[in-house]
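J.: quick one, structure for this:
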Amino acid sequence: MDKIDYKKKMKEFYNPPKNPVIVEVPEMQFLMIDGRGYPATSQEYQDSMAALYPMAYTLKFMLKKAEIIDYTVMPLEGLWWAKDMDAFLNEARKEEWLWTSMIMQPAQVSLKNYNQALEEVKVKKDPVALSKMRLENYKEGLSVQVMHIGSFSEEGPIIEGMHKHAFEQGYKLHEKHHEIYLSDPRRTKPEKLKTVIRQPMR
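T.: This is a model prediction of the structure:
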């Protein structure tokens, strides 16, 4: 059984160019946890990581053992928004940030698999955010996206350029800002971090 790397199989969505491009993102299913606050200081965010990754790996090995599919665990992704979007322009208002942390799951992952993995992770680790998790389909559809290489603090001009590209094509921004973290910030220098930045539009 060959191992599937969905980042390569779906490279249109996980390896865009450095210049903004318009894509039609299909529906995918994700492990998801909602929360609030700035990632670097939010315990809620750290708790979500401590639940998402054990679930993702438990599901991977469960399906591999059952000879259903073998695949590489996908990277962490995040949807970002705020009740007042001006909060993203003010460093003092980071605790108002709202997010959904998520990891994409192959279509072969069923609700039955998910519930079984929940029980296994609960017995082994019982992370505090496990009860907040869900398996859910998410479809962005028409979107503009770009690959950003560099620190998260340098995303501003990249996002502005991406939005400008959408406006020039006659589109309006729609739904939530989306980021896909292809690099592990604990092991990668800030200037080499690779992040897919995506914005749905209509």
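J.: give me the helix or strand of the protein that scores worst on average pLDDT.
T.: One helix or strand of the chain scores below all others by mean pLDDT, DSSP states H and E: helix 155-168, with a mean of 93.
J.: now the element after that helix, going C-ward?
T.: Next helix or strand after helix 155-168 toward the C-terminus (DSSP states H and E): strand 177-181.
J.: what mean pLDDT does the helix or strand following that next one have?
T.: Scanning forward in sequence from strand 177-181 by DSSP H and E, the next helix or strand is strand 194-200. What strand 194-200 shows for mean pLDDT is 97.
J.: tell me, how many residues neighbour A40?
T.: Neighbour count of A40, defined by other CB atoms under 10 Å: 10. Heads up, the C-betas are built off the backbone N, CA and C, glycines and all.
J.: just the element for it, please.
T.: Under the criterion DSSP H and E, no helix or strand holds A40.
J.: what's the spacing between it and R93?
T.: Distance, A40 to R93, by CB to CB, to the nearest Å: 15 Å.
J.: cool, D84 as well?
T.: Using CB to CB, D84 is found at 8 Å from R93.
J.: compare those two (neighbour count), which wins?
T.: More crowded of D84 and R93, by other CB under 10 Å: R93, with 14 against 10.
J.: quick check: bridge partners of the residue nearest to the spatial centre of the chain?
T.: Nearest to the mean C-alpha position of the chain, by CA atoms, centre = their mean, lies E77 at 1.1 Å. Beta bridges link E77 to M102, I180 when assigned by DSSP bridges.
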